[in-house]
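Trainee: Any chance you could fold what I've pasted below:
(one chain, ligands or ions: 1)
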Amino acid sequence: MARVFITGSSDGLGRMAAELLLEQGHRVVLHARNEQRAKDTKQAVPGAETVVTGDLSSIAQTRSVAAQVNALGKFDAVIHNAGVGYRSSTRTATEDGLPVEFAVNTLAPYILTALIDRPKRLVYLSSGLHQSGDASLKDLTWEQRPWRGQQAYSDTKLHDVLLAFAVAHRWPEVFSNALEPGWVATKMGGPGAPDDLDAGRRTQVWLAVSEDPAAKVTGEYFFHQRLRTPHPATRDPQLQERLIEECARLSGVSLPDL
Ligand SMILES: NC(=O)c1ccc[n+]([C@@H]2O[C@H](COP(=O)([O-])OP(=O)(O)OC[C@H]3O[C@@H](n4cnc5c(N)ncnc54)[C@H](OP(=O)(O)O)[C@@H]3O)[C@@H](O)[C@H]2O)c1
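Mentor: Model prediction:
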(Lines give C-alpha, C1' and ligand atoms only; values in the text may rest on other atoms or scores of the structure.)
Protein backbone atom coordinates (compact mmCIF):
# COMPACT_ATOMS: atom_id res chain seq x y z
CA MET A 1 0.00 0.00 0.00
CA ALA A 2 1.25 3.46 -0.87
CA ARG A 3 1.44 6.76 0.97
CA VAL A 4 0.34 9.72 -1.13
CA PHE A 5 0.33 13.50 -0.62
CA ILE A 6 -2.24 15.50 -2.61
CA THR A 7 -2.20 19.28 -2.91
CA GLY A 8 -5.51 21.16 -3.00
CA SER A 9 -7.42 18.25 -1.51
CA SER A 10 -10.01 20.22 0.46
CA ASP A 11 -12.43 20.00 -2.47
CA GLY A 12 -12.97 18.86 -6.04
CA LEU A 13 -10.77 16.35 -7.81
CA GLY A 14 -8.11 16.40 -5.10
CA ARG A 15 -10.55 15.35 -2.42
CA MET A 16 -12.18 12.81 -4.71
CA ALA A 17 -8.79 11.29 -5.54
CA ALA A 18 -8.05 11.05 -1.81
CA GLU A 19 -11.35 9.24 -1.20
CA LEU A 20 -10.58 6.76 -3.97
CA LEU A 21 -7.08 6.10 -2.61
CA LEU A 22 -8.52 5.47 0.86
CA GLU A 23 -11.13 3.10 -0.60
CA GLN A 24 -8.23 1.20 -2.19
CA GLY A 25 -6.47 0.95 1.18
CA HIS A 26 -3.72 3.53 0.65
CA ARG A 27 -2.62 6.21 3.11
CA VAL A 28 -3.16 9.84 2.21
CA VAL A 29 -2.03 13.17 3.55
CA LEU A 30 -4.17 16.08 2.45
CA HIS A 31 -3.58 19.79 2.04
CA ALA A 32 -5.76 22.86 2.59
CA ARG A 33 -5.11 26.56 2.20
CA ASN A 34 -5.70 27.52 5.87
CA GLU A 35 -6.74 26.19 9.29
CA GLN A 36 -10.47 26.55 8.63
CA ARG A 37 -10.24 24.65 5.33
CA ALA A 38 -8.07 22.04 7.06
CA LYS A 39 -10.79 21.54 9.65
CA ASP A 40 -13.42 21.18 6.91
CA THR A 41 -11.17 18.71 5.10
CA LYS A 42 -10.56 16.55 8.19
CA GLN A 43 -14.31 16.31 8.69
CA ALA A 44 -14.98 15.54 5.04
CA VAL A 45 -12.22 12.91 4.73
CA PRO A 46 -11.86 11.38 8.19
CA GLY A 47 -9.69 8.51 6.93
CA ALA A 48 -6.82 10.78 5.93
CA GLU A 49 -3.67 10.63 8.01
CA THR A 50 -3.48 14.40 8.46
CA VAL A 51 -3.91 17.71 6.65
CA VAL A 52 -1.06 20.14 6.04
CA THR A 53 -1.88 23.80 5.58
CA GLY A 54 -0.62 26.65 3.47
CA ASP A 55 -1.77 29.07 0.82
CA LEU A 56 -0.03 28.10 -2.39
CA SER A 57 -0.31 31.61 -3.79
CA SER A 58 2.42 32.58 -1.29
CA ILE A 59 6.01 31.46 -1.87
CA ALA A 60 6.69 31.51 1.89
CA GLN A 61 3.63 29.41 2.69
CA THR A 62 4.41 27.00 -0.14
CA ARG A 63 7.89 26.50 1.34
CA SER A 64 6.18 25.83 4.67
CA VAL A 65 3.93 23.20 3.06
CA ALA A 66 7.05 21.41 1.78
CA ALA A 67 8.60 21.53 5.26
CA GLN A 68 5.41 20.17 6.86
CA VAL A 69 5.31 17.32 4.33
CA ASN A 70 8.98 16.45 4.88
CA ALA A 71 8.41 16.40 8.63
CA LEU A 72 5.87 13.62 8.06
CA GLY A 73 8.46 11.33 6.46
CA LYS A 74 8.65 9.71 3.04
CA PHE A 75 5.88 9.55 0.46
CA ASP A 76 5.50 7.15 -2.43
CA ALA A 77 3.73 9.70 -4.60
CA VAL A 78 2.75 13.36 -4.74
CA ILE A 79 -0.22 14.52 -6.78
CA HIS A 80 0.13 18.19 -7.74
CA ASN A 81 -3.56 18.91 -8.02
CA ALA A 82 -4.26 22.35 -6.50
CA GLY A 83 -5.31 24.87 -9.08
CA VAL A 84 -7.18 28.10 -9.67
CA GLY A 85 -9.42 28.69 -12.59
CA TYR A 86 -9.73 30.38 -15.85
CA ARG A 87 -12.47 32.91 -15.31
CA SER A 88 -10.82 35.83 -13.52
CA SER A 89 -11.37 39.11 -15.34
CA THR A 90 -8.45 40.95 -13.75
CA ARG A 91 -4.85 40.23 -12.84
CA THR A 92 -4.87 39.59 -9.09
CA ALA A 93 -1.40 39.92 -7.62
CA THR A 94 -0.20 37.70 -4.80
CA GLU A 95 1.90 38.92 -1.87
CA ASP A 96 4.91 38.20 -4.09
CA GLY A 97 3.51 40.35 -6.91
CA LEU A 98 2.69 37.40 -9.20
CA PRO A 99 -0.62 36.63 -10.88
CA VAL A 100 -2.42 34.20 -8.62
CA GLU A 101 -2.89 31.66 -11.45
CA PHE A 102 0.84 31.55 -12.14
CA ALA A 103 1.68 31.38 -8.43
CA VAL A 104 -0.69 28.51 -7.60
CA ASN A 105 -0.68 26.53 -10.84
CA THR A 106 2.94 26.88 -11.98
CA LEU A 107 5.25 28.14 -9.26
CA ALA A 108 3.79 26.20 -6.31
CA PRO A 109 4.14 22.76 -7.96
CA TYR A 110 7.65 23.75 -9.01
CA ILE A 111 8.62 24.77 -5.44
CA LEU A 112 7.02 21.69 -3.89
CA THR A 113 8.73 19.44 -6.44
CA ALA A 114 12.07 20.99 -5.59
CA LEU A 115 11.67 20.95 -1.81
CA ILE A 116 9.67 17.83 -0.92
CA ASP A 117 11.87 14.76 -0.35
CA ARG A 118 11.74 12.98 -3.67
CA PRO A 119 8.91 10.44 -3.95
CA LYS A 120 8.84 7.55 -6.44
CA ARG A 121 6.05 9.10 -8.49
CA LEU A 122 4.99 12.65 -9.35
CA VAL A 123 1.68 13.48 -10.98
CA TYR A 124 0.75 16.92 -12.35
CA LEU A 125 -2.79 18.04 -13.15
CA SER A 126 -2.87 19.86 -16.45
CA SER A 127 -5.86 20.54 -18.69
CA GLY A 128 -6.91 20.23 -22.32
CA LEU A 129 -6.64 24.02 -22.32
CA HIS A 130 -2.86 23.66 -22.16
CA GLN A 131 -3.04 23.20 -25.92
CA SER A 132 -3.78 26.96 -26.15
CA GLY A 133 -0.96 27.87 -23.75
CA ASP A 134 1.70 30.34 -24.88
CA ALA A 135 4.81 28.31 -25.64
CA SER A 136 6.97 31.42 -26.01
CA LEU A 137 7.13 31.63 -22.19
CA LYS A 138 7.33 35.40 -22.63
CA ASP A 139 5.91 37.62 -19.88
CA LEU A 140 5.08 34.74 -17.55
CA THR A 141 3.92 37.20 -14.91
CA TRP A 142 1.61 39.22 -17.15
CA GLU A 143 3.26 42.59 -16.66
CA GLN A 144 3.42 43.47 -20.37
CA ARG A 145 0.38 41.75 -21.82
CA PRO A 146 -3.21 42.94 -21.36
CA TRP A 147 -4.80 40.46 -18.95
CA ARG A 148 -6.78 37.53 -20.35
CA GLY A 149 -7.91 35.12 -17.66
CA GLN A 150 -8.42 32.05 -19.80
CA GLN A 151 -5.07 32.57 -21.55
CA ALA A 152 -3.34 32.98 -18.18
CA TYR A 153 -4.85 29.71 -17.00
CA SER A 154 -4.01 27.89 -20.25
CA ASP A 155 -0.41 29.09 -20.01
CA THR A 156 -0.07 27.65 -16.51
CA LYS A 157 -1.46 24.31 -17.60
CA LEU A 158 1.15 24.21 -20.39
CA HIS A 159 3.74 24.94 -17.70
CA ASP A 160 2.51 21.95 -15.67
CA VAL A 161 3.24 19.63 -18.59
CA LEU A 162 6.65 21.23 -19.17
CA LEU A 163 7.42 20.81 -15.47
CA ALA A 164 6.38 17.14 -15.45
CA PHE A 165 8.56 16.44 -18.49
CA ALA A 166 11.52 18.48 -17.20
CA VAL A 167 11.47 16.44 -13.99
CA ALA A 168 11.20 13.22 -15.99
CA HIS A 169 14.43 14.18 -17.80
CA ARG A 170 16.29 15.28 -14.69
CA TRP A 171 15.26 12.51 -12.33
CA PRO A 172 15.12 9.25 -14.31
CA GLU A 173 14.42 7.15 -11.23
CA VAL A 174 11.10 8.98 -10.65
CA PHE A 175 7.92 8.46 -12.67
CA SER A 176 6.82 12.00 -13.55
CA ASN A 177 3.70 12.41 -15.66
CA ALA A 178 0.93 14.89 -16.45
CA LEU A 179 -2.72 14.45 -17.29
CA GLU A 180 -5.93 16.21 -18.15
CA PRO A 181 -9.00 15.14 -16.18
CA GLY A 182 -11.65 16.32 -18.65
CA TRP A 183 -14.01 19.24 -18.07
CA VAL A 184 -15.80 18.13 -14.93
CA ALA A 185 -18.31 19.62 -12.53
CA THR A 186 -16.19 20.77 -9.62
CA LYS A 187 -16.08 24.27 -8.14
CA MET A 188 -13.64 25.12 -10.93
CA GLY A 189 -15.40 23.27 -13.74
CA GLY A 190 -18.85 24.68 -12.91
CA PRO A 191 -22.15 22.81 -12.67
CA GLY A 192 -22.67 22.45 -16.42
CA ALA A 193 -19.34 20.73 -17.13
CA PRO A 194 -20.01 17.84 -19.52
CA ASP A 195 -17.36 15.19 -18.76
CA ASP A 196 -17.44 12.19 -16.42
CA LEU A 197 -16.59 13.41 -12.90
CA ASP A 198 -15.70 10.01 -11.50
CA ALA A 199 -13.36 9.28 -14.42
CA GLY A 200 -11.80 12.71 -13.77
CA ARG A 201 -10.15 11.47 -10.56
CA ARG A 202 -9.00 8.02 -11.68
CA THR A 203 -5.96 8.72 -13.86
CA GLN A 204 -4.06 10.61 -11.16
CA VAL A 205 -4.76 7.83 -8.64
CA TRP A 206 -3.69 5.18 -11.14
CA LEU A 207 -0.48 7.05 -11.99
CA ALA A 208 0.24 7.51 -8.28
CA VAL A 209 -0.18 3.93 -7.09
CA SER A 210 -0.96 1.36 -9.77
CA GLU A 211 1.34 -1.55 -10.55
CA ASP A 212 -0.10 -1.64 -14.08
CA PRO A 213 2.96 -1.36 -16.38
CA ALA A 214 1.09 1.31 -18.38
CA ALA A 215 1.11 3.54 -15.27
CA LYS A 216 4.79 2.93 -14.49
CA VAL A 217 6.16 5.20 -17.19
CA THR A 218 7.66 8.67 -17.14
CA GLY A 219 7.47 11.82 -19.21
CA GLU A 220 4.02 11.00 -20.56
CA TYR A 221 0.68 12.76 -20.84
CA PHE A 222 -2.65 11.04 -20.17
CA PHE A 223 -6.39 11.38 -20.44
CA HIS A 224 -8.57 8.72 -18.83
CA GLN A 225 -5.66 6.31 -18.34
CA ARG A 226 -4.70 6.50 -22.00
CA LEU A 227 -1.75 8.26 -23.56
CA ARG A 228 -2.71 11.52 -25.23
CA THR A 229 -0.53 13.77 -27.37
CA PRO A 230 0.36 16.97 -25.51
CA HIS A 231 1.23 20.33 -27.08
CA PRO A 232 4.34 19.56 -29.20
CA ALA A 233 6.36 22.34 -27.50
CA THR A 234 6.19 20.43 -24.20
CA ARG A 235 8.60 17.88 -25.71
CA ASP A 236 11.29 20.53 -26.24
CA PRO A 237 14.00 20.03 -23.58
CA GLN A 238 15.24 23.62 -24.02
CA LEU A 239 11.78 25.00 -23.34
CA GLN A 240 11.43 22.73 -20.31
CA GLU A 241 14.72 24.04 -18.96
CA ARG A 242 13.73 27.66 -19.63
CA LEU A 243 10.63 27.20 -17.51
CA ILE A 244 12.71 25.67 -14.73
CA GLU A 245 15.16 28.61 -14.90
CA GLU A 246 12.32 31.14 -14.74
CA CYS A 247 10.68 29.36 -11.81
CA ALA A 248 14.03 29.23 -10.01
CA ARG A 249 14.55 32.95 -10.60
CA LEU A 250 11.05 33.93 -9.48
CA SER A 251 10.95 31.66 -6.42
CA GLY A 252 14.57 31.66 -5.28
CA VAL A 253 14.33 27.84 -5.08
CA SER A 254 16.47 25.67 -7.34
CA LEU A 255 15.54 22.26 -8.70
CA PRO A 256 18.28 19.67 -8.18
CA ASP A 257 19.76 18.44 -11.48
CA LEU A 258 19.86 14.83 -10.46
N1 LIG B 1 -12.64 20.87 -13.15
C2 LIG B 1 -12.22 20.81 -14.39
O3 LIG B 1 -13.01 20.77 -15.35
C4 LIG B 1 -10.76 20.74 -14.70
C5 LIG B 1 -10.38 20.60 -16.04
C6 LIG B 1 -9.03 20.53 -16.35
C7 LIG B 1 -8.09 20.56 -15.35
N8 LIG B 1 -8.48 20.70 -14.05
C9 LIG B 1 -7.43 20.77 -13.03
O10 LIG B 1 -7.72 19.88 -11.97
C11 LIG B 1 -7.16 20.38 -10.74
C12 LIG B 1 -8.21 20.34 -9.66
O13 LIG B 1 -9.26 21.20 -10.04
P14 LIG B 1 -10.75 21.07 -9.47
O15 LIG B 1 -11.65 21.09 -10.66
O16 LIG B 1 -10.83 19.99 -8.49
O17 LIG B 1 -10.87 22.51 -8.78
P18 LIG B 1 -11.58 22.94 -7.40
O19 LIG B 1 -12.78 22.12 -7.16
O20 LIG B 1 -11.71 24.42 -7.50
O21 LIG B 1 -10.49 22.54 -6.29
C22 LIG B 1 -9.23 23.17 -6.28
C23 LIG B 1 -8.51 22.80 -5.02
O24 LIG B 1 -7.30 23.58 -4.96
C25 LIG B 1 -7.31 24.33 -3.75
N26 LIG B 1 -6.64 25.62 -3.89
C27 LIG B 1 -6.91 26.59 -4.79
N28 LIG B 1 -6.14 27.66 -4.57
C29 LIG B 1 -5.34 27.36 -3.51
C30 LIG B 1 -4.35 28.06 -2.80
N31 LIG B 1 -4.02 29.32 -3.11
N32 LIG B 1 -3.73 27.45 -1.77
C33 LIG B 1 -4.09 26.18 -1.42
N34 LIG B 1 -5.04 25.48 -2.05
C35 LIG B 1 -5.66 26.06 -3.09
C36 LIG B 1 -8.78 24.52 -3.42
O37 LIG B 1 -8.94 24.91 -2.08
P38 LIG B 1 -10.35 25.54 -1.55
O39 LIG B 1 -11.28 24.37 -1.45
O40 LIG B 1 -10.02 26.16 -0.26
O41 LIG B 1 -10.76 26.53 -2.61
C42 LIG B 1 -9.30 23.12 -3.76
O43 LIG B 1 -8.99 22.20 -2.76
C44 LIG B 1 -6.64 21.78 -11.05
O45 LIG B 1 -5.25 21.74 -11.20
C46 LIG B 1 -7.30 22.12 -12.37
O47 LIG B 1 -6.53 23.02 -13.15
C48 LIG B 1 -9.79 20.79 -13.70
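
Trainee: Okay, strands next: where are they in the stretch 1-150 of the chain?
Mentor: 3-6, 27-32, 50-53, 77-80, 121-125 (DSSP state E, counting those that start in this stretch).

Trainee: For the stretch 151-258 of the chain, what lies in contact range of the ligand?
Mentor: Within the stretch 151-258 of the chain, the positions adjacent to the ligand are 180-181, 183-184, 186-189, 193 by CB under 6 Å from any ligand atom. Bear in mind the C-beta positions are built from the backbone N, C-alpha and C, glycine included.

Trainee: Most neighbours among these, please name it.
Mentor: Scoring these on neighbours with other CB atoms under 10 Å, the highest-scoring entry is P181 at 28 neighbours.

Trainee: quick one: it and G200 touch, right?
Mentor: Yes. Counting by CB atoms under 8 Å, G200 is a contact partner of P181 at 3.9 Å.

Trainee: Which neighbours do those two have in common?
Mentor: Common contacts of P181 and G200 (CB atoms under 8 Å, 6 or more residues apart in numbering): L13.

Trainee: In contact with the nearest residue to R121 once chain neighbours are set aside, which residues are there?
Mentor: Closest residue to R121 apart from its sequence neighbours, by CB to CB, 6 or more residues apart in numbering: A77 at 4.0 Å. Shown in contact with A77 (CB under 8 Å, 6+ apart): 2-5, 119-123, 207-209.

Trainee: same deal with V167?
Mentor: 113, 122, 174, 176, 255.

Trainee: What score does the residue nearest the centre of the chain have for pLDDT?
Mentor: Taking CA atoms, centre = their mean, the centroid of the chain lies closest to H80, which sits 2.8 Å from it. H80 is assigned a pLDDT of 99 by the prediction.
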